[in-house]
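**Student:** Build me a model:
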Amino acid sequence: MKKFILMGLILIGATHLHSSQIYSDMRPSQNPPLLSVGGGVYNTSKPNKTADFQLEYTSTFTQFLFARWLGGMMMTADGGAYLYSGIGWDIILGKSRLVLIPGFAPGVYYDGNGKKLGYPIEFRSSIGLAYQFKNHNRIGCQYYHLSNASMGNKNPGVEVFTMYFAMPFYLFEKNWEPSDVDQAPPVSPMRSRYNPSRPSP
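**Tutor:** The predicted structure is shown next:
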């Protein structure tokens, strides 16, 4: 467990250090940073299902192809844990407040008394769908698959389904705040434009 925590902190620390070094070259999304809390079903496709709990932070700054940095932790009722750091995209569906959120994140897995995934490094491929309110709070669901990409002798993988609630939460971006948050509609980062003299709404 100590090795899991150490490896996870190194992973997230290295990712955030890299992000901090290039913040000046990033574009802030027109959506604020989010802290989400959720829970659901771990190992959805097998009979030995168990509950999961998830805490995740999504930065407002965009990086590769407008992807936002994210990091978090998932824990299961069997004592398993997954600490991860990666990227996700906010894709607004038409003119609605529905947001499609694909993502990818490498992470460190500790099986506890639960399912053995065959390797401490696991990759998360996710897809989510959320409704965004005028104040930028979100309620949504997420489905993802964990796999070690056959780096271990075994690669059984696992599927997870989570329902979550997210709200604006400023952790690293205290020097940037959206104006008129309560009035601004959700905006896809692929349609946003950055004006350094004025924060994006």
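
**Student:** Which stretches in the chain count as helices?
**Tutor:** Applying DSSP state H to the chain gives helices spanning 2-21.

**Student:** Now do the contacts for the closest residue to Lys154 other than its chain neighbours.
**Tutor:** Nearest non-adjacent residue to Lys154, counting by CB to CB, 6 or more residues apart in numbering: Gly118, 3.6 Å away. Where you see a C-beta, it was placed from the backbone N, CA and C, and this is true even at glycine. Listed by CB atoms under 8 Å, 6 or more residues apart in numbering, the contact partners of Gly118 are Asn148, Gly152, Asn153, Lys154, Asn155, Pro156.

**Student:** Can you read off the pLDDT for Gly118?
**Tutor:** pLDDT for Gly118: 93.

**Student:** Tell me how far it lies from His145.
**Tutor:** Distance, Gly118 to His145, by CB to CB, to the nearest Å: 14 Å.

**Student:** Could you do Gly38 as well?
**Tutor:** 17 Å.

**Student:** out of the two, which sits in the busier spot?
**Tutor:** Gly38 (22 against 16; other CB atoms under 10 Å).

**Student:** ok, now which ones touch that one?
**Tutor:** With CB under 8 Å, 6+ apart, Gly38 has these contacts: Phe53, Gln54, Glu56, Gln142, Thr162, Met163, Tyr164, Phe165.

**Student:** what's the closest non-adjacent residue to it?
**Tutor:** For Gly38, the closest residue by CB to CB, 6+ apart turns out to be Tyr164, at 2.8 Å.

**Student:** rewinding a little: can you select the buried ones among the contacts of Gly38 for me in ChimeraX?
**Tutor:** Buried members of the contacts of Gly38, defined by 16 or more other CB atoms under 10 Å, are picked up in ChimeraX with:
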select :53,54,56,142,162,164
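
**Student:** how close does Asn113 sit to Met73?
**Tutor:** 18 Å.

**Student:** For these two, indicate the residue with more neighbours.
**Tutor:** Met73 (17 against 10).

**Student:** Make sure the more buried one is actually in contact with Gly80.
**Tutor:** No: if you go by CB atoms under 8 Å, Met73 and Gly80 don't touch, sitting 11.1 Å apart.

**Student:** would you list every one of the strands in the protein?
**Tutor:** 27-28, 34-42, 50-62, 68-76, 81-88, 91-92, 98-110, 121-132, 138-147, 158-168 (DSSP state E).

**Student:** can you count the residues close to Gly86?
**Tutor:** 21.

**Student:** what mean pLDDT does stretch 154-161 have?
**Tutor:** 95.

**Student:** Flag every buried residue along it.
**Tutor:** Gly157, Val158, Val160, Phe161.
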